[in-house]
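Visitor: predicted model follows, preceded by the sequence.
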Amino acid sequence: MTVLQTKQLTLTPCTPDDRADFIALESDPAVMRFLNGGHAVGKEESDPDATFLMPRGTEPYVWTVRRTATGTFVGWICLWPETATQAELGYRLRQAEWGHGFASESAAALVNWGSNAPATTPSPPAPWR
């Protein structure tokens, strides 16, 4: 398994064990504010027609972000393939983790990895290879 390390964060491909943390993010109206107007989304309320990603731990391009020092869940980030040469960067962070530069730090690590990963890198693959 590929693991990405930054100064403060560890990024790992998501697993079903991350599901509860992902769902907790969707339960926070402040986190959901710019996605659906701030409506908390419960565990059983996933909208299959949502225009935004609601990961459940099985998505191949989603990475779980944790603080390296404590293992505290920070959020998730993804580099979702749009075409053979482009990918969409998306993320969601716990409100308690806002303002620490974690979105930029994890995005830089993931984009750097995606830009440099060999085409044969095992799951999750570089989306534009």
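Guide: Good, I have the coordinates. Residues are numbered from 1 along each chain as shown.
Visitor: and Arg92, how many neighbours does it have?
Guide: Arg92 is flanked by 23 other residues according to other C-beta atoms under 10 Å. No exception for glycine: its C-beta is placed from N, CA and C like everyone else's.
Visitor: ramachandran angles for it?
Guide: For Arg92, the backbone dihedrals (degrees, to the nearest 10) come out as phi -150, psi 130.
Visitor: right, and it touches Phe73 too?
Guide: No - counting by C-beta atoms under 8 Å, Arg92 stays clear of Phe73, with 11.2 Å between them.
Visitor: do a quick rundown of the strands in the chain.
Guide: Listed in chain order, the strands of the chain (DSSP state E) span residues 4-5, 9-13, 62-67, 73-81, 87-93.
Visitor: now do stretch 19-29, average pLDDT.
Guide: Per-residue pLDDT values across stretch 19-29 average out to 87.
Visitor: how far does it sit from its chain's centre?
Guide: Per C-alpha atoms, centre = their mean, to the nearest Å, the displacement of stretch 19-29 from the mean C-alpha position of its chain is 12 Å.
Visitor: if we can go back for a sec, want to throw the strands of the chain into a markdown table with distance to Met32 and mean pLDDT?
Guide: What follows is the strands of the chain, written out as a markdown table (distance: least, C-beta to C-beta, whole Å; pLDDT from 0 to 100):
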| stretch | distance to Met32 | mean pLDDT |
| --- | --- | --- |
| strand 4-5 | 26 | 96 |
| strand 9-13 | 22 | 97 |
| strand 62-67 | 17 | 96 |
| strand 73-81 | 13 | 92 |
| strand 87-93 | 9 | 91 |
